[in-house]
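Q: Take this sequence and fold it.
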Amino acid sequence: KQWYQRRVRGSQFCAILCTDRLKTLKMYLVFLSLVGYLCYLGKKYLDAYRRSWSFAHLPQPARDNIIQGHAPILYRARKKNKFLEVFVGWQKECGPTVFFFIGKRIINCFTTDPSILQTMAYDPARFEKDPRLPNRKTDGHIITGTSSILSANGMNWATKRKAMSQFFAKVNIPHLFDISKENLNGPLVTVWEKASKIGTRVDLHDLFAITFAGTMKTYGLQELPSAETVANYALEILDGIKIKDPGTFNIYKLMTDKRNGTPTQILVAKARGEVEAVVLKKMQTFNFEKDEPAKENLLEFLIHANYYMLKAEGKAMNYSDLASLVVSDIMTVILVTDNLTKQMCTLFMFLETNKPAQQRMFAELREVELKTVADLHKLVYTEQCMLEAMRMGPAITRGQRIYKVPKVGEENAGSLCGFRIPEKTVTMIFSEYLQHMNPQNWPNPDTFDPDRWAKDKPRPAPFSYVPFWTGPRVCIAKHVAMMLMKLTLSMIAKNFDIKQDFEAGEKPRVDQNVAPLKILGKITAFIQPVSAA
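A: Numbers count the residues shown, from 1 in each chain. Model prediction:
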């Protein structure tokens, strides 16, 4: 019994001793973790202060804090749809070129300085397209990739651009005009006829999306799905693009948000699969060395351009790689048609504020008969309305480039247009929207005034109007885009009346938070056939 009691007391003592040691060990580990975390924070703040000191000479607004930089300011502005207005305020404070920071490692430069914009436009080797933009990939699924006609850099871009320029050249516009006119006055006019019989308000975005997708299919892409399906692909994929950090320009991630129950990445895979089937079928009958692309066949031009791009790189012919590149280009074309759609929507959004301009434009469209491509030049006032709409709502509200800071031994080493940059790269931001709405260049910039484009009025200042950008990377399809928009307006005016009727309490406006043009609110209208009178 004594032995047992001693045994129990000994066990209790050992348990107490072990418990105390475990508590001591836990407290020691907690203490070490706390010391390590404090050391980490101290190093983080020290690094941030060092970087802040190294960039102190650059023009920059005050930050919220040393770690997050200017991200909280941009985040709060985005919630109020005043994202771009932040930069207007910063420029009043710091000048036309402003440097801002997202976190401690990311340096960005926003500028409206014409001299810097000119350098950016005419030196594509130094100012490259940003491969991190959200229309490139979604969670590993390629959308347009980084080698498409819009996203490629270096010799890849130069080779492809040269091959594709024949399709988009002015000399080919008459041929594309005839095909587009026949299509618009045939199958696509029935889409508008159906809308005119509904008797209720319709969303103009849906009608224009089907119109431009259907026109694109006539350029050698007839075997793609229906125009409604192609238009829906563009709309849903673009709607699926989300920004991970709303206050950040260059940290993007495509989220797999669901729209109508369909994840974006599944939709992208489906769209690319259908496009790839069309491309592979065409490649089986296409002689890459001997066949010349047909004037109206965009698909043949894309195959031809990508084949010579791979050949210029010295790569062996690979059907899979070639098909993937062509598919990326076609996906780019599909998404770009949405730019035309939104551009037409903004036209009618702004025409709602100037009814006399709309009446005058429709009168001209009904009077001028477009028999040949030369007749497009007779639509003088219509073009003035289009140019004014592209000023107030450009297809791309902002863009960005990756600037490679010149190394030691190169011209302007370690600098950007006179600013010393202690980094290897800088993310350059520019905004077509802010350039177009600058009161220094445009009197009453918020007023829709087509007459400012009359021939007797002065031309815009350099880089104050860049809806298609400029320089070597100017939009390759700008002539085709203008031709298609004029043809579409002519078809509409000759057959229908459009009476805008927006939803009560919802005034449409341009979204400042996203780079591709987005309209907050629907552009709705009543479509009525033109009366016999």
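
Q: what about the stretch 151-300 of the chain, any weak spots by pLDDT?
A: In the prediction, the stretch 151-300 of the chain carries residues with pLDDT under 70 at positions 241-263.

Q: Which stretches in it count as helices?
A: All helices of the stretch 151-300 of the chain, identified by DSSP state H, counting those that start in this stretch, fall at 154-168, 173-184, 187-196, 204-217, 227-239, 264-283, 298-312.

Q: Out of these, flag the one nearest residue 452.
A: Comparing these by their distance to residue 452 (CB to CB), the top pick is helix 204-217, with 24.5 Å. C-beta: built from backbone N, CA, C; applies to glycine.

Q: Wait, residue 205 touches residue 340, no?
A: No - the pair residue 205 and residue 340 fails to qualify as a contact (CB atoms under 8 Å) at a distance of 11.2 Å.

Q: Comparing the two, which shows the higher neighbour count?
A: Residue environment comparison for residue 205 versus residue 340 gives the larger neighbour count to residue 340, 24 against 19, counting by other CB atoms under 10 Å.

Q: Could you identify the longest helix within the chain?
A: With residue count as the measure and DSSP state H as the assignment, the chain has helix 2-54 as its longest helix.

Q: what's the next secondary structure element after that helix?
A: Using DSSP states H and E, the helix or strand that follows helix 2-54 in sequence is helix 71-79.

Q: Now do that following helix: which elements does it pack against?
A: Helices and strands touching helix 71-79, by 3 or more CB pairs under 8 Å, 6 or more residues apart in numbering; DSSP states H and E, are helix 83-94.

Q: go again using 10 Å as the cut-off
A: Packed against helix 71-79 by the contact rule (3 or more CB pairs under 10 Å, 6 or more residues apart in numbering; DSSP states H and E) you find helix 83-94, strand 97-102.

Q: So what angle separates the directions of the longest one and helix 71-79?
A: Going back to what we said before, that points to helix 83-94. Here helix 83-94 points in a direction 130 degrees away from that of helix 71-79 (axes from the mean of the first three to the mean of the last three CA atoms, to 10 degrees).

Q: Quick one: mean pLDDT for helix 83-94?
A: Taken as a whole, helix 83-94 has an average pLDDT of 91.

Q: Dump it to PDB, restricted to CA.
A: Taking C-alpha atoms only, helix 83-94 is exported to PDB below (Å, rounded to 0.1, in the frame of the first residue of the first chain):
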ATOM      1  CA  PHE A  83     -10.300  55.400 -60.800                       C
ATOM      2  CA  LEU A  84      -8.900  57.600 -63.600                       C
ATOM      3  CA  GLU A  85      -9.900  60.800 -61.700                       C
ATOM      4  CA  VAL A  86      -7.200  59.900 -59.100                       C
ATOM      5  CA  PHE A  87      -4.500  60.400 -61.800                       C
ATOM      6  CA  VAL A  88      -6.000  63.800 -62.800                       C
ATOM      7  CA  GLY A  89      -5.600  64.900 -59.200                       C
ATOM      8  CA  TRP A  90      -2.100  63.500 -58.900                       C
ATOM      9  CA  GLN A  91      -1.000  65.300 -62.100                       C
ATOM     10  CA  LYS A  92      -2.300  68.600 -60.700                       C
ATOM     11  CA  GLU A  93       0.000  68.000 -57.700                       C
ATOM     12  CA  CYS A  94       3.100  66.500 -59.400                       C
END
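
Q: where's residue 501 relative to residue 352, distance?
A: The span separating residue 501 from residue 352 equals 9 Å under the rule CB to CB, to the nearest Å.

Q: and residue 413, which of the helices of the stretch 151-300 of the chain is closest to it?
A: Judged by CB to CB, the one of these that comes nearest to residue 413 is helix 154-168, at 21.1 Å.

Q: what's the spacing between the closest one and its chain's center?
A: Averaging C-alpha positions (CA atoms, centre = their mean, to the nearest Å) puts helix 154-168 20 Å from its chain's average.
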